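Asks: Need coordinates for the below:
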Amino acid sequence: MIILAATPIGNLGDVTTRLVEALGAATVIASEDTRVTVHLLKALGIENRPKLISLHDHNERGKAAELVELARETDILVLSDAGMPTVSDPGFHLVDAAVAAGVTVTALPGPSAVLTALAVSGLPTDRFTFEGFLPRKHGERVGALRDLAAERRTMVFFESAKRLAASLTDLAATLGADRRVVVCRELTKFFEEVKRGTAAELAEWAAVGVKGEICVVVAGAEARVLDLETGVAEVHALVAAGARLKDAAADVSAASGLGKRDLYEAALTRKGPARSRNAEYPTLPNG
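Replies: Down below sits the predicted model:
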């Protein structure tokens, strides 16, 4: 079978008993970085020296089929550098191939930067979404944030220290300067820091420079109570700015809770402001 195993995200003391046992018994380990795995074995005093296979973002697709076939004969322990494989780390394509081939996949739970950051953030934990890393380029990053502007759930991101200030600045400009944000730095390590504030406050704080591994937790959008007339006015405003009617209705629906079809149909029958040349009012779709 294929065994996904979570490794410590910064504190060796967080290693689980099951992981130690698995490392001691493994004959094959597929590692994001084999050097990190060798260091982990030595740090834990494990004398077992299994066969190490490199499995990272650049070769996973090509190696997945080979590893799946090998897993029919022996267990393969899969490790990322920190945390659980497949979660913003290599492993997904391997698991996808294994599932398709009927090979058993199991996991050894353990440390998770996503859940640790969420737990200490002080933001709602009942519903959340993990968004991985934001795009590197400014324009793509702003576009990704705009897509999340109406997201009601708490959002968790990974971010590099060198891009943190730029990302927080874009977040403040896109989601609102007063959006509640928590930056978790170096979780479980000696210099762990949890910084809470508004998006604007934390963008200013990060501008002086931040080091370490970063998780950013962002409060979801607050529900807005709109009547239908106000909602339709907002749909018309978006269409006037160039949005398609269908997309505008969906955006206002997500932010307000009003029915998407109700907004669509009402916008069709009510006269809105002048539209941009690219805006279109399509015919009402079936269903």
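Asks: In the chain, where is pLDDT below threshold?
Replies: 225, 271-287 (pLDDT under 70).
Asks: And the helices in it, which stretches?
Replies: Using DSSP state H, the helices of the chain run over 17-25, 34-43, 60-71, 92-101, 113-121, 138-147, 164-175, 199-206, 228-240, 245-256, 260-269.
Asks: Serialize these to JSON lines and add fields for mean neighbour count.
Replies: No exception for glycine: its C-beta is placed from N, CA and C like everyone else's. Formatted as JSON lines, these follow (neighbours: other CB atoms under 10 Å):
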{"stretch": "helix 17-25", "mean neighbour count": "15"}
{"stretch": "helix 34-43", "mean neighbour count": "15"}
{"stretch": "helix 60-71", "mean neighbour count": "17"}
{"stretch": "helix 92-101", "mean neighbour count": "17"}
{"stretch": "helix 113-121", "mean neighbour count": "20"}
{"stretch": "helix 138-147", "mean neighbour count": "14"}
{"stretch": "helix 164-175", "mean neighbour count": "21"}
{"stretch": "helix 199-206", "mean neighbour count": "20"}
{"stretch": "helix 228-240", "mean neighbour count": "19"}
{"stretch": "helix 245-256", "mean neighbour count": "20"}
{"stretch": "helix 260-269", "mean neighbour count": "17"}
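Asks: right, and those helices - which one's nearest Ala5?
Replies: Comparing the helices of the chain by their distance to Ala5 (CB to CB), the top pick is helix 17-25, with 5.4 Å.
Asks: Not counting its neighbours along the chain, what's nearest Arg127?
Replies: Arg153 (4.4 Å; CB to CB, 6 or more residues apart in numbering).
Asks: so that neighbour makes contact with Phe128?
Replies: Yes: Arg153 is in contact with Phe128 according to CB atoms under 8 Å; the separation is 5.3 Å.
Asks: And those two? Which one has more around it.
Replies: The residue with more neighbours, out of Arg153 and Phe128, is Phe128; 20 against 15, by other CB atoms under 10 Å.
Asks: picking that back up, which residues are in contact with the residue nearest to Arg127?
Replies: 124, 127-129, 220 (CB atoms under 8 Å, 6 or more residues apart in numbering).
Asks: Distance-wise, check it relative to Arg49.
Replies: 44 Å (CB to CB, to the nearest Å).
Asks: now swap in Thr169 and tell me
Replies: For Thr169, the distance to Arg49 - CB to CB - is 48 Å.
Asks: Just confirm Leu41 contacts Asn48, I think it does.
Replies: Yes: if you go by CB under 8 Å, Leu41 and Asn48 touch, sitting 7.1 Å apart.
Asks: circling back: among the contacts of Arg153, which pair sits farthest apart?
Replies: Maximum distance among those (CB to CB): 11.7 Å, for Pro124 and Thr129.
Asks: which residues do the two both contact?
Replies: Shared contacts of Pro124 and Thr129, counting by CB under 8 Å, 6+ apart, come down to 153-154.
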